[in-house]
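> Compute the structure for the input listed below.
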Amino acid sequence: EWADTCCRGLRSAHAYVLVYDICCFDSFEYIKTIRQQILDTRMIGTNEIPIIIVGNKRDLQRGRVIPRRNVSNLVKKTWKCGYIECSAKYNWHILMLFNELLKTVGCVRCRHVHAAIRFQGALRRNRCTVM
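Below you'll find the predicted structure:
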């Protein structure tokens, strides 16, 4: 669990990407819990760390358990987090997800560099860690 002391390194992240299955209500409830734990354990002065919520399995749209509009409104308006839906199976919106992540985290000294170049640079070894 998040409250365990072995997860302290995750508390100092530059951004969080919480992924849930749009066909599984329990996975959405789980990321709600994780998001709340992130907010409860943030260190002082780290209120600006972005959280992006990702609805995966967009290719299984017919099995959706919560309407997209409801989730989007909750995440964007109430939680003040980014929201995107993707399909890992078909690689749909995956690059857009990482592009948004890099824009959100954004390096102040790199803002003048085109986003595609920043993205490629972030993928170099020791520059970006995805857990």
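> which stretches of this protein form helices?
25-41, 68-73, 94-105, 115-122 (DSSP state H).
> so which of these comes closest to I84?
Among the helices of the chain, helix 94-105 comes nearest to I84, with 5.4 Å by C-beta to C-beta. The way it works is simple: take the backbone N, C-alpha and C, and place the C-beta from them, glycine included.
> what's the weakest-modelled helix or strand in the protein?
helix 115-122 (a mean of 49; mean pLDDT, DSSP states H and E).
> Compute the number of surrounding residues for I84.
20 (other C-beta atoms under 10 Å).
> ok, it - contacts?
I52, I53, V54, G55, H93, M96, L97, E100 (C-beta atoms under 8 Å, 6 or more residues apart in numbering).
> That one bridge partners, please.
V54 (DSSP bridges).
> Would you quantify the distance from it to R58?
Counting by C-beta to C-beta, to the nearest Å, the gap from I84 to R58 is 9 Å.
> Repeat that for H14.
26 Å.
> Of these two, which one has the most company?
In terms of neighbours (other C-beta under 10 Å), R58 is the more surrounded of H14 and R58; the figures are 19 against 14.
> So that one is in contact with W92, correct?
Yes. At 6.1 Å, R58 counts as touching W92 under the criterion of C-beta atoms under 8 Å.
> intersection of neighbour lists for those two?
C86.
> excluding its backbone neighbours, what's nearest L60?
Once flanking residues are discounted, L60 sits nearest to C23: 5.3 Å by C-beta to C-beta, 6 or more residues apart in numbering.
> my bad, should have said G63
In space, and not counting its chain neighbours, G63 is closest to C23: 4.0 Å by C-beta to C-beta, 6+ apart.
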